[in-house]
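Chemist: model the structure of this input:
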Amino acid sequence: MPTTTNKQRLLAQLFSAHKKGHEPAEPELRPVLEQFIYGLCREGTTRENADRAYRILQERFFDWNEIRVSSTREVEEAFHGMPNAERRAERLISFLQEVFETTFSFDLESLHKKGLKQAAKQLSRYQAANDYVVAWVVQQTLGGHAIPLDEPSLRALRRLGFIENEEELEAIRASLEHLVPKARGPLFGDLISNLASETCWDEDPSCPACPLMGECPTGQEAPRETLTPARSSRKPR
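Modeler: Just a heads-up that it's a prediction; the model follows:
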């Protein structure tokens, strides 16, 4: 397990090496409900895919209520080509149904008046919620310091030796939130997500193309025959 100093060095290299050409846009200001929905789109995939899915949802459906009363198959089309498309659609419909049944509207702005812990606790009660989506809303809209971590990001962090397999998610996030300044939290999330998407794939990672290979124990221990850059445009699975 890297020491705190080694972790800081890894983070510095991630910020300096991998963000070239990947400067993310400023977090888009969205109401709480819409940010929750965007979090459902964003988890486990790239910002590009999430932006496309969110745009399709807005263009193909008149409003959130129409999505609530639509079939899973109709909503699933917005997530075409993304991991767990059917499950995303089910979670989105479930979330909108729960919100409507409890508020008779699609407005969660009252959460801004609650403390961060209470707001996060209330969001976590929705069946569609998980640690990633709640952290996403807290970071992007509620003004808290939270780092959303999905499976691709955790995979990359484990391979880098940044975390150990047995570490609890809560402890991992607490450690990262201590090391990554609040102002750089969104950038960190985008960069580790890009790393997972572009080189640190689930199968056959492209270690030679990784800007952190020199610091990555997984890349250094990979068999030599796997350390030849692919000549084709390999897509992550």
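Chemist: enumerate every residue touching Pro217.
Modeler: Arg159, Leu160, Gly161 (CB atoms under 8 Å, 6 or more residues apart in numbering). Just so you know, the C-beta spots here come from the backbone N, C-alpha and C atoms, and that holds for glycine as well.
Chemist: give me the low-pLDDT residue ranges for this protein?
Modeler: For the chain, applying pLDDT under 70 flags the ranges 1-2, 18-27, 222-237.
Chemist: domain-wise, how is it divided?
Modeler: With domains defined by automatic domain parsing, the chain comprises 4-23+147-221, 32-140.
Chemist: which one among the contacts of Pro217 gets closest to Lys117?
Modeler: Leu160 (30.1 Å; CB to CB).
Chemist: the closest one touches Glu215, doesn't it?
Modeler: Yes - in this structure Leu160 lies within contact range of Glu215 using CB atoms under 8 Å: 7.0 Å.
Chemist: who has more neighbours, these two?
Modeler: Between Leu160 and Glu215, Leu160 has the larger neighbour count (other CB atoms under 10 Å), namely 23 against 19.
Chemist: ok, the more buried one - contacts?
Modeler: Leu10, Leu212, Glu215, Cys216, Pro217, Thr218.
Chemist: out of the residues you listed, who's nearest Glu170?
Modeler: Nearest member of the contacts of Leu160 to Glu170, counting by CB to CB, is Leu10, at 20.9 Å.
Chemist: is it correct that that closest one is in contact with Leu212?
Modeler: Yes - look at Leu10 against Leu212 with CB under 8 Å: they come within range, at 6.9 Å.
Chemist: need the longest helix for this protein.
Modeler: helix 85-103 (DSSP state H).
Chemist: could you identify the helix or strand that succeeds it?
Modeler: Beyond helix 85-103 on the C-terminal side, the first helix or strand identified by DSSP states H and E is helix 116-124.
Chemist: now do the buried residues in that next one.
Modeler: Ala119, Ala120, Leu123 (16 or more other CB atoms under 10 Å).
Chemist: got a list of contacts for the strand or helix carrying Glu76?
Modeler: For Glu76, the host element (DSSP H and E) is helix 72-76. With CB under 8 Å, 6+ apart as the test, helix 72-76 has contacts from Leu57, Ile67, Ala85, Glu86, Arg88, Ala89, Glu90, Leu92, Ile93.
Chemist: check the offset of it from the chain's centre.
Modeler: Helix 72-76 sits 22 Å away from the centroid of its parent chain (CA atoms, centre = their mean, to the nearest Å).
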